[in-house]
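> 3D, please:
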Amino acid sequence: MRIDVVSIFPGYFDALDLSLLGRARQRGLIDVRVHDLRDAAHDRHRTVDDTPAGGGAGMVMKPEPWGEMLDGILGSDGADPDPLLIFPSPAGEVFTQRTARSLARERHLVFGCGRYEGIDQRVFDEYSERGRVRLLSIGDYVLNGGEVAAIAMIEAIGRLLPGVVGNPESLVEESHEEEGLLEYPSYTRPAEWRGREVPPVLLSGDHAAVGAWRSEQRIERTRRVRPELLPRELRGEARGRHAAE
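Residues are numbered from 1 along each chain as shown. Here you go, the predicted model:
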């Protein structure tokens, strides 16, 4: 997969050289290219923003640098003929694990990281007419820019690519994967720590019992923390269990 990122703070993305994604880049599983938007601003101050039309607080990112930068990326050697442009935005649709799985099937993603009061709307309109554009939000809150959200999405997508995670089976039982439930609690050695013991069933060697315990824990944790994620057929069961408690 090729991933291009446009930002006025390209140093943010040094984090993608670490851990599993860093190794995946070294092995050629992910081709991440980070571009400084200011390289497409040609005045002495490399200006990428201006006051909002109609007045108001803050600054808006100008369309000209974005147009030049995106045109260059989309027309570069090796660029996919049908890339997906993603703009992290609190006004976008919510990014979920299902979104990550869908995006992991793409060949070329381009992330545009806005700042200030956002990017001139004409940039979205221009590239929506020319191809595919999605505005995605990682939650109902506002960040200073799109870089943190882009990194979160790139990691969520990248770890789903074949070969990035050493044991692909570890992806199956994670939160939001199997049946959309949260993951069960995890334990390791020692069997007792500060008076707290590993649940005996996990030390029993009975794989069927362990599986049943983990399944139950997934339902119980989801009921307590994110009850809206429970499948409809489990909601009544969970309510009955809760009443019995």
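
> my read: residue 29 touches residue 159, true?
No. With contacts counted by Cβ atoms under 8 Å, residue 29 stays clear of residue 159, the gap being 10.6 Å. C-beta here means a position set from N, CA and C on the backbone, and glycine is covered the same way.

> center of this protein, which residue is that?
What sits nearest the mean C-alpha location of the chain, by Cα atoms, centre = their mean, is residue 153, with 1.9 Å.

> would you say that one is within a helix?
Yes. Residue 153: assigned to a helix according to DSSP: H, G, I helix; E, B strand; the rest coil.

> On the pLDDT front, check it for me.
On the pLDDT scale, residue 153 is placed at 98.

> cool, the one 10 residues further on as well?
Per-residue pLDDT puts residue 163 at 93.

> For it, which three-state class applies?
Of the three states, residue 163 takes coil according to three-state DSSP.

> Am I right that residue 136 is in a helix?
No. Under the criterion used here (three-state DSSP), residue 136 is strand, not part of a helix.

> On the strand side of things, show who it bridges to.
In this entry, residue 136 is beta-bridged to residue 93, by DSSP bridges.

> so it sits right up against residue 87, yeah?
Yes. Taking Cβ under 8 Å as the definition, residue 136 is a contact partner of residue 87 at 7.5 Å.

> Between these two, which has more neighbouring residues?
Set residue 136 next to residue 87 and count neighbours by other Cβ atoms under 10 Å: residue 87 wins out with 25 against 20.

> In contact with residue 163, which residues are there?
By Cβ atoms under 8 Å, 6 or more residues apart in numbering, the residues touching residue 163 are 24, 27, 29.
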